[in-house]
Structure formats: structure tokens, C-alpha cells
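Chemist: attaching a predicted model along with its sequence, questions to come.
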Amino acid sequence: MTNEIFEAVNAQVFGVWFLIGAALVFWMQAGFAMVEAGFTRAKNTGNILMKNLMDFCIGTVTFILIGFSLLLGEDMVGLIGKPGFDIFTNYASFDWSNFVFNLVFCATTATIVSGAMAERTKFLSYCIYSGVISALIYPIEAHWIWGGGWLSQMGFHDFAGSCAIHMVGGISALIGAKILGPRIGKFQTDEAGKIKKVNAIPGHNILIGALGVFILWLGWYGFNGAACTSVEQLGSVFVTTTIAPAIATVVCMVFTWIKYGKPDVSMCLNASLAGLVAITAPCDVTDAAGAIIIGAVAGLLVCFGVWFLDYVLHIDDPVGAVAVHCLNGIWGTIAVGLFATNTAPGYSIADANGTELVGLFYGGGFKLLGLQLEGMFAVIAWTVVTITICFYAIKAIVGLRVTEEEEITGLDPTEHGLASAYSGFSIMDISNTMTMDINENTNLGTDEYEKASPAKVAAAVPVVNPLPSTGISKVVIIAKLSKYEKLKRAMNSLGVTGMTVTQVMGCGIQKGAGEMYRGVEMDATLLPKVKVEVVVSSIPVQDVIEAAKKTLYTGHIGDGKIFVYPVERVVKIRTGEENFEALQDVE
């Protein structure tokens, strides 16, 4: 009797945990939205949030109508579940928990595609293919794996979805991004149309992107752990789900630090997700050593994937969805055949005859690996064929891509009538989609002011004096932000005590530091500058100009620029003094 009570309580506890896990997976939609929004430009943020919202909402509708029954309906020759409407006709005995659990996984598959096709896809087209993925593409292949279909019958193992969810979403993202084409400015071409340069288009908010990664990592404990049936199995899954992404992130950090000179923030965020994707299939059947190796490979694979798409395939994937989900979904599926060990709690991999199977590196030979490869290629073939038909059909009927004008303006105003997702904030796009390169004529030959000829000084820090002086002059100095303190001291030494200072962004021939963003050199054309305005009367304008030139000069075009304007009238608000008298306490 005691054992029966314990088993009943245990079943109830894990039934509740099953639904809590589903809620955690639903919360991952927020994580995907934050990652995608943070890794793209501000002008498209509202569109991205809308897409991630509609992923789940449209997915719910299609899952009710057809998706759930295709996935978990009565098996029909191992290929699909029997279509039905039990949720309407037999609600009293409907499998409510399984419906919700599988629904949130289905929505995840669709949302992966969003990131790779971000910033240039029609919203209507997105809604259509998101619905198709949730209604047909995902439920049918997931039935093969989890619904009693032919792959599950032969012993194929994908515990939480490296293959069924992430690889399928990643392949769909790859094909969609290829058909759609790159964002304007991502690649520079020569006259023959051959790509000669890859441009970095930085995300506008890495903070939001990082928040999204942490949300996803938290949700992944539900993603991988919700289907566990014992405390021991759940604990083991939590361990492997923690180790793999941590190792992947460290490996990526070290790799980018060595290769690019500095650890790449966005790539490390991608690496965390890559490790999570890779461990998703084998999380219940591998041990700590296996999780370490799986994570290490994932950390390198995501770096390779981003580079391969940019420089070899020339496919524009703004958030790294293909590198994270497609490549590491494949790797995670294969990893089952390499690292599955029966020392893991609740181990249950067996072939159609009931013979236990273990991974190649644990003495099991190639049989399990062969089953994993067979199942993986079957799912790849299904996904490639169906999603390609889907995209080309949408392209032919309603079109996939927005117009050039809409893309440049941003999808928030053009697709949703939203002026900005950041109303009340000043947002500036500093991406380098239009670069101005340094050439051999920008270096003036000397970086010492005293040794420079007047012509060189005039070229480095030109002075613009458009109108005759009225006795009171406003001097506007545009300079590098790093020179502000020296410039302030130079002005103070002349007796100038009042200045108006504004931090601005400057665009010109001076080139920013060649930093790397996701393995692509980033040529910053909008650089931080400072604008200093002073109004003088008794202090000679030429003294101000000379002090500024001496302070700013480094011997390169772009050191700064000085504008001198005549001032007709000055009024001091507090005292009512005007002109010369109004300036005596600021110079």
C-alpha cells in the first residue's frame, strides 16, 4: 500500500512538473523575442516582437485545427497521426497536458525561422509560413519521433528536440534566408555582381540580447527536463543541460579572443544557445564527460557556422539562427550515437527488437549512430522539400520580401504603423552599411603641431569663417570625444569659463578602429564626437582658434573642425545685460 501511495504521489508531482516545464518553454518565446530584437536594428523592433507574439498565437490556432492530431493522433502506418477534433468532440477525456506541452514546443520551431529572415520579410508572409510550420511540417516529423511513428519504432532517440525542433527550424531558416536574400548593405559587390566584402550590421541592443539568452537558458531546464519521470533522471538532465552551454561559451570566448584579439560578446551569447541546442537530444542519455565534449564542439561549431554563412554561402542571418539551431541541432542528434551511456538514470534506448543500444564511444559500436544518421537525414529531406515548396509558393502568391524603401525606412512604421518601439528615446543607427575608407592621402606626415606646416594644420583642423565679425563671435569646435578634457583646459587657460558642450556622432573620412563583430570587421563611420560652443568678445577669436588647433592636431585629416560665426546680439536672462556686458562672467 505504501508503494502504491508513493507511486501515485510521484505521478502527480511529475504531472505538475510537466505543466510547469511547459510554462517555462512558453516563457522562452520572450527569450527568442529579446535575442532577435537585440541582435537587429531598432527600426524593426516592433515587427520582431509582433512576429514572436504571433508565432505562438497562430501556432495555437493551427495546432488546435490539425497539428496536434497529426502529431499525437492514432498512428497511421508510422507516418502521421490520424486527424481528428477530440479537443471539441471529447473534451472530458482529452489529453490537456500533452496538448499544451507539445504546443509550446511547436511554437519554438516556428520562431527559430524568424531571426534568420529578420528585417526584410513581409509580415503577412511570415504569418503564413509560421502557420504552415505549426500545422504540417513540424507535427508530421515530430510524429515520426515522439508520436509512435517509424523513427521511434526503430530506436531513433531525440529526447527534447535537437532534431525535431532545432534542426528543423534551423534548416527552414537557412532556406528562407537564402530565398529571401541579404539585407541591404550586408554584402558589397563589384561591377560583375561578385561579393567582394562582408559588412557587419551590429545589433542595436546587446543588453536585451543577453537578457534573452538568460531567459532561454532558464526555460531550457523545462525544455529538456519536463519529460523526466524520476528525480534522478531530472537531476542528471539538469546537470548536462548546465555543463554543455557553459563549456560552449568558454570555448567560444577563448576562440574569438585568440582569433580576433578580443572576446566577442554576441558570439558568446550565441555559443550559450548552441550548447543548449546540442545537448537537447542527448541530455537524458549522456554523462558529464559527454556533455563537456558536446558543449566544446558546439562552441566551435557556432563560430564556424557564422563565418561559413557570411563568407562562403553569402547568406545573411542577422541573429545566427542557422549556426545555433541547424548546425548544432545536427550535432546534437549525432551526439546521441556517440555519447549515449546506460549509466545515465532512466536509460531506455533500444532497437525494434528491444536490444539496448549505447553510443560508439561507450562500446556500443555504430548501430545507434547509424540509426541517428538515418533518422536525421529523413527529417532533413522532409523539411527541405516541404519548406522550399512553402517559401516559393508564398513568394509567387503574395511575395516574401518588403520593398527596398520599406526595408530602409524600417518595418515598424511600414508594416505596423509604429513610429518607433522606443518612443521617447533617441536611437541612432551606427551600422557601417555605407563606409568611407581611409586612403593614402589622409595621413599628413607629422603628428606634432609645432613641426606641421600651416597647410597641414589647415587640412587637419580646418577653420570655417563664413561672415565678417561683429565684435562678438561664436566659435564652434567639433573634435574627437577623447580630446574634450584637453580642449576644456585649453579654453580655460585663455579665460573662457562658459561653454556649451554636446556629444554628437560624426560621419567622415576618418575611419573607426577595425573591431570585429561576429567575425566581420566593423568599419565605424559614425564616430563619437564632441561639439564645444563658446561665445567671445574681449578674448581674440584667433587665440581661441590657435589653442583649439594646437590641442586637437594629431596629423590626420579628421582631427576636428572649427566654425566661427558673427553674433548680432547676446542677452543675459538673469540681469538683462546685453552684448559685451552679458559675456563678462563667461570669458
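Modeler: Noted; the coordinates are in hand.
Chemist: show me what the longest strand along the chain is packed up against.
Modeler: Scanning the chain for the strand with the most residues, using DSSP state E, yields strand 526-536. Strand 526-536 sits against strand 473-480, helix 484-494, strand 500-507, with contacts defined as 3 or more CB pairs under 8 Å, 6 or more residues apart in numbering; DSSP states H and E. (Each C-beta comes from the backbone N, C-alpha and C, glycine too.)
Chemist: out of those, name the one with the poorest average pLDDT.
Modeler: Ranked by mean pLDDT, these end with strand 500-507 at the bottom, a mean of 80.
Chemist: quick one: the longest strand of the chain to strand 473-480, angle?
Modeler: With axes from the mean of the first three to the mean of the last three CA atoms, to 10 degrees applied, the angle from strand 526-536 to strand 473-480 works out at 160 degrees.
Chemist: and strand 526-536, what's buried?
Modeler: 526, 527, 529, 530, 532, 534, 535, 536 (16 or more other CB atoms under 10 Å).
Chemist: what's the mean pLDDT across whichever helix or strand comes after it?
Modeler: Downstream of strand 526-536, the next assigned helix or strand under DSSP states H and E is helix 541-552. Averaged across helix 541-552, pLDDT comes to 90.
Chemist: return the distance of helix 541-552 from the chain's centre.
Modeler: Offset of helix 541-552 from its chain centre (CA atoms, centre = their mean, to the nearest Å): 45 Å.
Chemist: got a list of contacts for that helix?
Modeler: With contacts defined as CB atoms under 8 Å, 6 or more residues apart in numbering, helix 541-552 is touched by 449, 457, 460-461, 463, 469, 473, 475, 477, 479-480, 483, 486-487, 490-491, 493-494, 496, 534, 536, 559-560, 562, 564.
Chemist: wait, residue 70 touches residue 137, no?
Modeler: No. Residue 70 is beyond contact range of residue 137, at 10.1 Å (criterion: CB atoms under 8 Å).
Chemist: can you get me a residue count around residue 357?
Modeler: Residue 357 has 22 neighbours, counted by other CB atoms under 10 Å.
Chemist: most widely separated two among the buried residues of strand 526-536?
Modeler: Pairwise distances across the buried residues of strand 526-536 (CB to CB) peak at 30.4 Å, for the pair 526 and 536.
Chemist: how about low-confidence regions in the chain?
Modeler: 1-10, 426-447, 455-456, 459-460, 464-470, 507-515, 522-526, 585-587 (pLDDT under 70).
Chemist: three-state assignment of residue 425?
Modeler: The three-state assignment at residue 425 reads coil, by DSSP: H, G, I helix; E, B strand; the rest coil.
Chemist: so what's the residue count around it?
Modeler: 8.
Chemist: distance of it from residue 405?
Modeler: 24 Å (CB to CB, to the nearest Å).
Chemist: from residue 363, how far out is residue 347?
Modeler: For residue 347, the distance to residue 363 - CB to CB - is 14 Å.
Chemist: quick check: the nearest residue to residue 116 once chain neighbours are set aside vs residue 372, distance?
Modeler: Closest residue to residue 116 apart from its sequence neighbours, by CB to CB, 6 or more residues apart in numbering: residue 173 at 3.5 Å. When distance is defined by CB to CB, residue 173 is 22 Å away from residue 372.
Chemist: list the buried ones in stretch 107-126?
Modeler: 107-123, 125-126.
Chemist: how about stretch 225-243?
Modeler: In terms of neighbour count (16+ other CB under 10 Å), stretch 225-243 has its buried residues at 225-228, 233-234, 236-238, 240-243.
Chemist: ok, now stretch 398-408?
Modeler: Buried residues in stretch 398-408, counted by 16+ other CB under 10 Å: 400, 401, 402, 407.
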